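Undergrad: make a model of this:
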Amino acid sequence: MEKDGSSKKRKVRIVIAGKDIQLNQDELYLSLNQITSLPAEIGKLSALKNLWLSDNQLTSLPAELGNLIALKFLFLTKNRLTSLPAEIGNLCALKLLDLCKNQLASLPAEIGNLCALKNLFLGDNQLTSLPAELGNLTALEDLCLDGNQLISLPAELGKLSALKELWLNRNQITSLPAELGNLTALKKLDLSNNKLTSLPAEIGKLSALETLFIYNNPFTSLPSRITRWTAKQCIEYFLTKLPWSKQNHQFYALSIRREIFTLLMIASVKNGIPRHPEAPFYKLPKEILYYIFYFMTNLKNKRKNIYGS
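TA: Numbers count the residues shown, from 1 in each chain. I've put the predicted structure just below:
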């Protein structure tokens with residue numbers, strides 16, 4: 001009888017990374033275990049809702065991971081994953097997927113089947129392109145793609161109607177699809193540290209936008225209509241976020257006209273003084289002039305720290 005009982009007990013458990021795991025548990029923490037692979041048996045944890053696998057040495061995931069249809073949160077950051085199984089698209093209850101700091105070069109089209117997904121973190125990978133199916137994630141609110149090798153974006157991203165935050169900084173993006181203007185729920189957009197020379201005029205349709213980062217791009221022009229910004233945001237994100245170096249700095253002075261900004265100038269900054277004979281500072285509202293003065297004062301102080309004079 002005792003032998004039968006112990007045998008029955010073993011049938012409701014599996015072993016992962018030396019840990020005895022009950023098949024009916026709803027949370028599993030396996031981070032920081034130097035795990036190099038996962039057994040197919042992980043697919044038997046049908047009640048699992050939260051799974052932590054960060055800070056390991058995983059290079060791949062078993063297809064059976066797709067059997068975890070109750071899973072809501074999956075953390076895989078800081079591994080060595082180079083690809084994802086197509087079966088990951090079966091995780092229909094998944095709300096958060098964290099894949100930051102891996103070595104992913106591409107994403108399976110099936111990722112577009114994650115209809116409940118709200119947070120998708122893919123920062124610091126090696127992605128060069130995105131599947132068009134990403135546009136099917138209509139519940140998505142936060143999409144993090146910073147620190148990849150993206151050159152362009154699929155137009156289908158414009159279908160992400162619930163998206164509130166989009167992080168695209170530290171890529172190689174040279175242009176943006178006009179469809180990004182359809183993201184009417186978007187509040188934060190980070191485009192800094194790319195290779196953009198212009199922004200689509202449709203960027204002005206982002207009526208909910210509160211924060212826009214565009215510094216460290218080789219802009220030659222900007223759209224004339226960028227809505228719902230304050231003067232303080234304008235100066236902070238277009239001026240003070242510039243990289244500090246001993247070279248001349250570029251900055252943009254923008255004017256508020258009923259919450260619509262018009263590009264006034266692109267000037268070179270040298271020795272802490274803007275030099276541009278046609279820069280119409282006298283036409284700027286006092287609020288913006290105040291912040292420009294504040295910025296220039298900080299710039300001179302910064303130069304003193306750099307040059308010692």
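
Undergrad: dump stretch 143-157 to CSV, keeping only the CA atoms.
TA: Extracted in CSV, the C-alpha atoms of stretch 143-157 (Å, rounded to 0.1, in the frame of the first residue of the first chain):
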residue,chain,number,x,y,z
LEU,A,143,5.3,47.4,-26.9
CYS,A,144,9.0,47.5,-26.2
LEU,A,145,11.4,47.1,-29.2
ASP,A,146,14.3,49.2,-28.1
GLY,A,147,17.9,48.1,-28.7
ASN,A,148,17.3,46.0,-31.8
GLN,A,149,18.5,46.3,-35.4
LEU,A,150,15.2,47.3,-37.0
ILE,A,151,15.4,49.4,-40.2
SER,A,152,11.7,49.7,-40.9
LEU,A,153,8.3,48.9,-39.3
PRO,A,154,5.3,47.1,-40.8
ALA,A,155,2.3,49.3,-41.6
GLU,A,156,0.2,46.8,-39.7
LEU,A,157,1.5,48.3,-36.4
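
Undergrad: next, the buried residues of that stretch.
TA: Neighbour-count burial for stretch 143-157 flags Leu143, Cys144, Leu145, Asp146, Gly147, Asn148, Leu150, Leu153, Pro154, Glu156, Leu157 (criterion: 16 or more other CB atoms under 10 Å). In short, each C-beta sits where N, CA and C put it, glycine included.

Undergrad: quick one: contacts of that stretch?
TA: For stretch 143-157, contacts defined as CB atoms under 8 Å, 6 or more residues apart in numbering pick out 100, 120-136, 160, 163, 165-180, 183, 190.

Undergrad: mind checking pLDDT for Asp20?
TA: Looking at Asp20, its pLDDT is 88.

Undergrad: quick one: it and Pro62, what's the gap?
TA: Taking CB to CB, to the nearest Å as the measure, Asp20 falls 19 Å from Pro62.

Undergrad: do Ile69 as well
TA: Noted for Ile69: a distance of 15 Å to Pro62, by CB to CB.

Undergrad: of the two, which one has the most company?
TA: Neighbours were counted for Ile69 and for Pro62 using other CB atoms under 10 Å; Pro62 has more, 16 against 12.

Undergrad: what sits against the more buried one?
TA: Going by CB under 8 Å, 6+ apart, Pro62 touches Ser37, Leu38, Pro39, Ala40, Ile42, Gly43, Pro85.

Undergrad: export these to TSV and tack on distance to Leu199 and pLDDT?
TA: Converted to TSV, these look like this (distance: CB to CB, whole Å; pLDDT from 0 to 100):
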residue	distance to Leu199	pLDDT
Ser37	44	94
Leu38	43	95
Pro39	48	93
Ala40	47	94
Ile42	44	95
Gly43	45	95
Pro85	37	97
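
Undergrad: buried subset of the residues you listed?
TA: Neighbour-count burial (16+ other CB under 10 Å) is assigned, among those, to Leu38, Ile42, Gly43, Pro85.

Undergrad: how far away is the spatially closest residue to the first one that is not a sequence neighbour from Pro154?
TA: Meaning Leu38. Distances taken as CB to CB, 6 or more residues apart in numbering put Pro62 closest to Leu38, at 5.4 Å, once the chain neighbours are dropped. With the distance defined as CB to CB, Pro62 ends up 28 Å from Pro154.
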